[in-house]
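Asks: Show me how the following folds:
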Amino acid sequence: MGTEVAVRNGAGKVVLDVRRGDGPKECFNYTMASLAVTDRFLAEKNDVAAKMVKAMEATHLALKADVSLAEKVGYKVFPASEAALIARLIERDLPFYSTGISPEFVDGMNAFARKAGILDSYPSYSEVVARLG
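Replies: Numbering: from 1, shown residues only. This is a model prediction of the structure:
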């Protein structure tokens, strides 16, 4: 949302959108929208975490079926000028909506974190992505 507002106001410009192929291919795995919980939360409330993922999946399906739902919610949480943009933004980004995290993404994200100096190990997929259910 912030990017779109900045572009429309002339205060910003999109230089790279790695999801659409700008920049090096490995950059696709450098960022993603996510929901994170602690190991303790998973141990104590795995069923709640699973329900959270199911709710996100249902939301994705609902938006894919009717993107105007985003605007209805947008007007409840954003200023009107921004709420008017939300349906178009959601529609544009729907191809990237997924609750899945692939092993390739985890490898790429970990490689980026090591290059950035914020990770010095090689966590496995199962250490990063929880099994729910």
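Asks: make it CA atoms for all contacts and neighbour counts henceforth
Replies: Fine.
Asks: State the distance from the most centrally placed residue in the chain to Arg20.
Replies: By Cα atoms, centre = their mean, the mean C-alpha position of the chain lies nearest to Ala33, the distance being 1.7 Å. In this view, Ala33 and Arg20 are 15 Å apart by Cα to Cα, to the nearest Å.
Asks: Repeat that for Asp47.
Replies: 35 Å.
Asks: Contacts only, for Leu16.
Replies: Asp22, Gly23 (Cα atoms under 8 Å, 6 or more residues apart in numbering).
Asks: Any figure for the gap between it and Lys25?
Replies: 12 Å.
Asks: now Lys45
Replies: 37 Å.
Asks: What lies in contact with the worst-scoring helix or strand of the chain on mean pLDDT?
Replies: The helix or strand of the chain with the poorest confidence is helix 2-8; it has a mean of 86 (mean pLDDT, DSSP states H and E). The set of residues external to helix 2-8 that reach it, using Cα under 8 Å, 6+ apart, is Gly12, Lys13, Val14, Glu82.
Asks: what's the answer for stretch 104-115, then?
Replies: For stretch 104-115, using Cα under 8 Å, 6+ apart, the contacting residues are Glu26, Cys27, Asn29, Tyr30, Thr31, Leu119, Asp120, Ser121, Tyr122, Pro123, Tyr125, Val128.
Asks: which ones among the residues you listed are found in helices?
Replies: Among the contacts of stretch 104-115, DSSP state H puts Tyr125, Val128 in helices.
Asks: who wins for most neighbours among the contacts of stretch 104-115?
Replies: Asn29 (19 neighbours; other Cα atoms under 10 Å).
Asks: For that residue, give me its contacts.
Replies: Counted by Cα under 8 Å, 6+ apart, Asn29 has contacts Glu104, Phe105, Val106, Gly108, Met109.
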